[in-house]
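Asks: mind looking at a prediction? Sequence and model below.
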Amino acid sequence: MNSVEINREKSVIFTELKTDYLYIAIPFLLLIAIKLYMGEWRDVILSTDWSLASCLIFGQSASKLSRAAVASKNMIVEQNFGWYTAKRFLLIVASLAVYFGMIAKPSLSLAFSQIFLFLIASFFHFKDGFAALLIIRNKQ
């Protein structure tokens, strides 16, 4: 494969990931827009939707890479995949903990923690998704 084909392949994969992310973002952006329309910026910051969205994104990323690992058979080192799974599970639990914290006793520090987790989840959506799609395509 030459560099033009590799760049085209990366572009196609990135477009697929942006499309997936758009389907996650549309309902979330609508919720934010409604909260802004009905209230003030603080309602958006203190919304538990950030934690739920990051939990969903982490879960989808882990699921996508798990399916790719199973499909690849021997391409994945078992210990590395175990470490990856443990880290993603920790991030899912952290998102849920912040979610429950925001329900029990909302605060700006928890609110910014959940927004930070959402940004990390968004990054991992593309990072893990890119890896998963490369594994699947290299298997074929």
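Replies: All right, it came through fine. Numbering: from 1, shown residues only.
Asks: tell me the helix or strand right after the longest helix seen in the chain.
Replies: Longest helix in the chain by number of residues (criterion: DSSP state H): helix 3-38. Downstream of helix 3-38, the next assigned helix or strand under DSSP states H and E is helix 41-45.
Asks: buried ones in that following helix?
Replies: Neighbour-count burial for helix 41-45 flags residue 44 (criterion: 16 or more other CB atoms under 10 Å). For glycine as for every other residue, the C-beta is placed from the backbone atoms N, C-alpha and C.
Asks: heads up, I number from 37, so please use that
Replies: Happy to do that; since the first residue is 37 now, the last one works out to helix 77-81.
Asks: elements contacting that helix?
Replies: Using 3 or more CB pairs under 8 Å, 6 or more residues apart in numbering; DSSP states H and E, the elements in contact with helix 77-81 are helix 39-74, helix 144-175.
Asks: now the next helix or strand after that helix: average pLDDT?
Replies: Per DSSP H and E, the first helix or strand lying C-terminal to helix 77-81 is helix 85-108. Mean per-residue pLDDT for helix 85-108: 88.
Asks: between the helix or strand following helix 85-108 and helix 85-108, how many degrees?
Replies: Sequence order places helix 114-140 as the next helix or strand after helix 85-108, per DSSP H and E. If you take axes from the mean of the first three to the mean of the last three CA atoms, to 10 degrees, helix 114-140 sits at 160 degrees to helix 85-108.
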